[in-house]
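Peer 1: from the sequence below, what's the structure:
(2 chains)
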Amino acid sequence: MNSMHIIQMFLAALVAVFIYTFIGFIPGTDETSVLMPITLTVVLAGVPPIIVLTFFIAAIVTLNLTNAIPTALVGLPGGVMSSPMLEYSLFLKEKGMSALVIKKMTVGSLIGVVISIPTALLLANVLVAYAEKIQTLSSLLFFLGAIFLSLTGRNKILSMLGIIPLAILFMGLRHLYWGIGIVPSSANITVSFFLGITTGPLMVSLLGLLNKRSRKSMVTKKMKKISIPNDAIGNKTLNPFKILTRAEIVKASISALIANFLFVLSPVGLTILLGEAATNRIKDPVIRSNTAITTMSALIQATYLSGIIIPLIAIGVPLSPTAIGPGSALFNAPPVFTVDNNLHHRLDSWEFIVAILIGAVIAITITYYITNRYASRISTFVLQRIPHEGILGLFISLIILLAYMDAGLLNVFGVLLIGITCGTLNKMGMGYGVQFMTLYAAPWIVDKIILL
Amino acid sequence: MDNKGQMFEVWGDIIEIKSLVISIIISSTSTMGAYFIAPSNDKTKQLFFGLIGSVLGFIISTFFIRPKRIITIEEESIEK
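Peer 2: Alright, predicted model coming up:
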C-alpha cells in the first residue's frame, strides 16, 4: 500500500457512490443483480485487490441507504432489503412525515455502519482461530440456517418441505451440466442460480401475463399516482443526535450489534426478525413505525457489512448470504480470484481495515448529505424518466447474460426453471432466505441427507 | 390479442404489454449482441461488453417508453 493506492481507493469509493446512488433510487432494483455483475467486472479487469474491496464496501453502504429512499418517498421499495420497511414507510407517508422518515433512515444507516464495522472487525479477528473448523462445518450451518429461517417464516411447513426438493433441483441441474460436459466438474454454478431465486417471483408474475385468466386479475385502468413530498421542509438539522430519540438510538445500536453475531443468516430475514423484535411492544403506531424504520436501516447496513467483512477476513470462504450472493466476486472470480487465492489471502489485516474504512466513510458521508438534501429531486427525476418496463427489460437481459456466461443456452432455460419453481414457492410462503440457504447447502444435503 | 394498450400491475408498478415486449427485445438484443462482439476468449471483456450493452438497451428503452406514473409534487406540512 502506498500513496498512489490511497488516491485510487478514494477514486474507487467515489465512483461506487456515484453509480449506486443513481441505481439505489430506481425502485425495485435487486441488490444482488446490481452489485454482483459490476463488482465481477471490476475484479476481472485486474483492479488491485485493496481497491476492489474499497469499491465494494462503498457500493453496499451507498446502495443500502439510497435503496431505502424510494420506500419513504413514493412507497415503492428500492430493493429487496428495503421491502420490510414498506408498511411503516407508507403509514408515515400518509401522515405527511416522509422528510422525517428519510432523516431517520440516514441516521439509522449511519448507526449501522458505525456499530458494525468495529464489531465485525473484532469478531473476524476472534473467529480467525476457528476458521478451519468453521470451514468444514459451513454446509451444516447453511442447512441449519435454512431450517431456522423456515421456522421463523410465513409458511413453516411448506418451507421445511421445500428444502430437499429444491436441493435436488439445484444439484440435478449441476450434475446435468457436468454430465454433458458444458461445465467442468470443479465448477459449482451459483451466480445464475442465485439470480433465478431472486427474480423468481418476478418471472412468475410476468409469465402470469401469458395466461388469460391470471392476466385479468392483474389488469388496471389507472396509471400509478405518485405524490412526492417536496425536499426537506421544516427541520434542517443534520445532527444525528437531534434527529433520533434516545430510545431509537439504543434500539438501532443494539440490533445492529446483535446482527453482527448472526452474520451467517439471511440479511432480509434478520432485518425483519430483529426489526420486529425491537418494536413489537410499542403501542403508539407513529413511534413504532419510526423506531422500526430507524432500526431496520441500521440492520440493513449491519447485516451486509458483517456478512462481507467477517467471512472475508476470518475465513476466506463465502460463508454468509451477503458473501455468497452480492459479494461472491470477491471470493471466487477465476482467473483473478479463486477459493484458495482471494482477498482473504491477498490482503493483510491493515490493508483490510484501511480499505473498509475509506470505502465506508466516504460512502456514508456523501450519501448522508445527498439523501438529506436532494432525495425528492433525484426521486422525481428517476420516476419521471425511467419506465418500469425498462427496468424489467434490463433485469431480464442481465439474467440471460449471466445465465449464458455460466453454462450457455441450456442454462438460460435452467435458470428459467429455477425462477418458476422458486418464484412459485416464494408466493406460497417459502421466503428468499430459506431458498438461498438451501442453494448453499445443496451439495451437502444431497450427500449427507438424501443419500444417507 | 385483445389487450393492446391495457395496463397491468407487475412487481408494484404499472406496465403495458407492448412497451414491455419492446423493452425486453431491445435490452436483450443489445446485451447479447454486445456480448458476442467481445473477443470470445476473454471473459472480462465479454462481461464488460454485455453490461455496457444492457445499459445501452436500457437507455434506448427509456427514450421509447413513457413511464405510467402521474407525478405530483406536494408540499409537506410541518413535521412533528
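Peer 1: tell me who's in contact with residue A:46.
Peer 2: Taking C-beta atoms under 8 Å, 6 or more residues apart in numbering or on different chains as the criterion, residue A:46 is in contact with A:336, B:44. (C-beta placed from N, C-alpha, C; glycine too.)
Peer 1: please give the element, helix or strand, for it.
Peer 2: Using DSSP states H and E, residue A:46 sits in no helix or strand.
Peer 1: how close does it sit to residue B:46?
Peer 2: Going from residue A:46 to residue B:46 by C-beta to C-beta, to the nearest Å gives 15 Å.
Peer 1: next, count neighbours for the nearest residue to residue A:396 once chain neighbours are set aside.
Peer 2: Take residue A:396 and drop its neighbours on the chain: the residue closest to it by C-beta to C-beta, 6 or more residues apart in numbering or on different chains is residue B:24, 5.4 Å away. A count of neighbours around residue B:24, defined by other C-beta atoms under 10 Å in any protein chain shown, yields 22.
Peer 1: gap between residue B:24 and residue A:16?
Peer 2: Using C-beta to C-beta, we find residue B:24 at a distance of 29 Å from residue A:16.
Peer 1: I'd say residue A:99 and residue A:228 touch.
Peer 2: No: using C-beta atoms under 8 Å, residue A:99 is not in contact with residue A:228, being 10.9 Å away.
Peer 1: common neighbours of the two, please.
Peer 2: With C-beta under 8 Å, 6+ apart, residue A:99 and residue A:228 have no common neighbours.
Peer 1: show me the contacts for residue B:55.
Peer 2: Neighbour list for residue B:55: residue A:394 [criterion: C-beta under 8 Å, 6+ apart].
Peer 1: tell me which element it falls in.
Peer 2: Going by DSSP H and E, residue B:55 is part of helix B:43-64.
Peer 1: tell me the first helix or strand C-terminal of that helix.
Peer 2: strand B:69-74.
Peer 1: contact residues of the stretch 151-300 of chain A facing chain B?
Peer 2: Proximity of the stretch 151-300 of chain A to chain B, by C-beta under 8 Å from any C-beta of the partner chain, involves residues A:201-202, A:205-206, A:209, A:215, A:218-230, A:233-235, A:286.
Peer 1: filter those residues to the buried ones?
Peer 2: Among these, those classed as buried by 16 or more other C-beta atoms under 10 Å in any protein chain shown are A:201-202, A:205-206, A:209, A:218, A:224, A:226, A:228-229.
Peer 1: now, the most widely separated pair of the residues you listed?
Peer 2: A:209 and A:229 (32.8 Å; C-beta to C-beta).
Peer 1: quick one: the strands in chain A?
Peer 2: Under the criterion DSSP state E, strands of chain A are mapped to A:219-220, A:224-229.
Peer 1: what sits up against the worst-scoring helix or strand of chain A on mean pLDDT?
Peer 2: Between all helices and strands in chain A, the lowest mean by mean pLDDT, DSSP states H and E belongs to strand A:224-229, at a mean of 78. Contact with strand A:224-229 is made by A:73-75, A:93, A:96, A:98-99, A:376, A:379-380, A:383, B:13-14, B:68-76, as judged by C-beta under 8 Å, 6+ apart.
Peer 1: just stretch A:122-138 next, same as before
Peer 2: Here stretch A:122-138 has contacts from A:141, A:260-261, A:263, A:306, A:309-310, A:312-317, A:319, A:349, A:440, using C-beta under 8 Å, 6+ apart.
Peer 1: flag every buried residue along that stretch.
Peer 2: Quick answer for stretch A:122-138 (16+ other C-beta under 10 Å): A:123-124, A:127, A:131, A:134, A:138.
Peer 1: need those residues in JSON lines with pLDDT, can you?
Peer 2: Below are these laid out as JSON lines (pLDDT from 0 to 100):
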{"residue": "A:123", "pLDDT": "95"}
{"residue": "A:124", "pLDDT": "94"}
{"residue": "A:127", "pLDDT": "91"}
{"residue": "A:131", "pLDDT": "84"}
{"residue": "A:134", "pLDDT": "79"}
{"residue": "A:138", "pLDDT": "78"}
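Peer 1: before we move on, back to that, which one of the contacts of stretch A:122-138 is nearest residue A:359?
Peer 2: Once C-beta to C-beta is applied, the member of the contacts of stretch A:122-138 that ends up nearest residue A:359 is residue A:309, at 10.8 Å.
Peer 1: please name the nearest non-neighbouring residue to the closest one.
Peer 2: residue A:120 (4.0 Å).
Peer 1: tell me how many other residues crowd the one you found.
Peer 2: Neighbour count for residue A:120, taken as other C-beta under 10 Å: 26.
Peer 1: okay, now the unreliable bits of chain B?
Peer 2: Scanning chain B for pLDDT under 70 picks out B:1-5, B:75-80.
Peer 1: cool, the stretch 151-300 of chain A as well?
Peer 2: For the stretch 151-300 of chain A, the stretches with pLDDT under 70 are A:231-236.
Peer 1: what about the helices in it?
Peer 2: Taking DSSP state H, counting those that start in this stretch as the criterion, the stretch 151-300 of chain A carries its helices at A:156-180, A:191-198, A:200-208, A:212-218, A:240-243, A:246-261, A:267-279, A:285-310.
Peer 1: return the most buried member of those.
Peer 2: When neighbours are counted by mean count of other C-beta atoms under 10 Å in any protein chain shown, the highest per-stretch mean among the helices of the stretch 151-300 of chain A falls to helix A:285-310, a mean of 28.
Peer 1: list the helices and strands it packs on?
Peer 2: When contacts are defined as 3 or more C-beta pairs under 8 Å, 6 or more residues apart in numbering or on different chains; DSSP states H and E, helix A:285-310 packs onto helix A:49-66, helix A:68-73, helix A:86-94, helix A:98-127, helix A:246-261, helix A:267-279, helix A:321-324, helix A:349-385.
Peer 1: least reliable of the ones you listed by average pLDDT, please.
Peer 2: Among the helices and strands packed on helix A:285-310, helix A:321-324 has the lowest mean pLDDT, at a mean of 84.
Peer 1: who does that helix touch, helix- and strand-wise?
Peer 2: Right, helix A:321-324 is packed against helix A:285-310, helix A:328-331, helix A:432-444 by 3+ C-beta pairs under 8 Å, 6+ apart.
Peer 1: redo that, cut-off 6 Å
Peer 2: helix A:285-310 (3 or more C-beta pairs under 6 Å, 6 or more residues apart in numbering or on different chains; DSSP states H and E).
Peer 1: how big is the angle separating the helix it packs on from helix A:246-261?
Peer 2: If you take axes from the mean of the first three to the mean of the last three C-alpha atoms, to 10 degrees, helix A:285-310 sits at 30 degrees to helix A:246-261.
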